[in-house]
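Asks: Model the structure of this input:
(3 chains)
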Amino acid sequence: MIKNKKLGRKFYQRSEVEEIARDLIGKYLFTQINNKKTGGIIVETEAYCGETDQASHAYPNKLTERTSIMFEPGGLTYVYLCYGIHKLFNIVTNQAGRADAILVRAIEPQFGIATMSKRRKTSINSTSLTSGPGKLTQALGIELLHYGLPLDGNIIWDEDNGLDIEITTSKRIGVDYAGKDALLPWRFFARDNQWLSV
DNA sequence: ATAAAGATCATT
DNA sequence: ATGATCTTTATG
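Replies: A predicted model of the protein is given here:
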């Protein structure tokens, strides 16, 4: 019997962002938007640390209108527009004043698949349904207006479950501008999963 | 007020 | 490989 449970503040407010990014693999991510519940299993994440990590929007503790939410306590969303086209979904972590966040890069679709394929304009069993950071936000209905929402179970939230998944790491995708930090092994993904990005 | 740069994706 | 597309940020 699998017991589902929303993840609490304690989970997100730990100080090691890469540890949380790893722990998120295998958890559920849900949205309830326009009266449609959609979601799946997180299979790929990336950790970003605002204080030390040149790849982070908040490096080096850079406070702007966009990054301000990252300085809030963990358990909020950070949504931003990438390349003028795609909305990327992040989860803010750590304590107030620590600008860490985790980019969710791929999920394995599980709930509301018909709704997701309609939003994506892809066939219902297409492997490109949620296999990338811009794709999953489109499938889940996440928009810029969802910036700063708490992951409290009303609109966007995570749930624990009984899954035990083998996790692999690599350098992060698309952050070659980050110098030395581009090589950090801060991308986490479920091994041999068909719903990964790229 | 303007310019440059993207944590990507679909198409060629 | 390349083009799309537009917000955010920095600079003048």
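
Asks: For chain A, which segments count as strands?
Replies: For chain A, applying DSSP state E gives strands covering A:5-6, A:28-33, A:36-49, A:77-82, A:86-93, A:100-111, A:156-160, A:167-170, A:187-190.

Asks: And residue A:171, how far from DNA strand C?
Replies: 19 Å (C-beta to the nearest atom of the strand, to the nearest Å). C-beta coordinates here come from the backbone N, C-alpha and C atoms, glycine included.

Asks: for that residue, what are its contacts?
Replies: When contacts are counted by C-beta atoms under 8 Å, 6 or more residues apart in numbering, residue A:171 is found next to A:182-187.

Asks: Quick one, which of those are buried?
Replies: A:184, A:186-187 (16 or more other C-beta atoms under 10 Å).

Asks: closest to residue A:142 among those?
Replies: residue A:187 (20.4 Å; C-beta to C-beta).

Asks: if I pick that closest one, what's in contact with it?
Replies: A:44-46, A:105, A:169-173.

Asks: circling back: now tabulate the buried ones among the contacts of residue A:171 in CSV and tack on distance to DNA strand C and pLDDT.
Replies: Below are these laid out as CSV (distance: C-beta to the nearest atom of the strand, whole Å; pLDDT from 0 to 100):
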residue, distance to DNA strand C, pLDDT
A:184, 22, 98
A:186, 21, 98
A:187, 20, 98
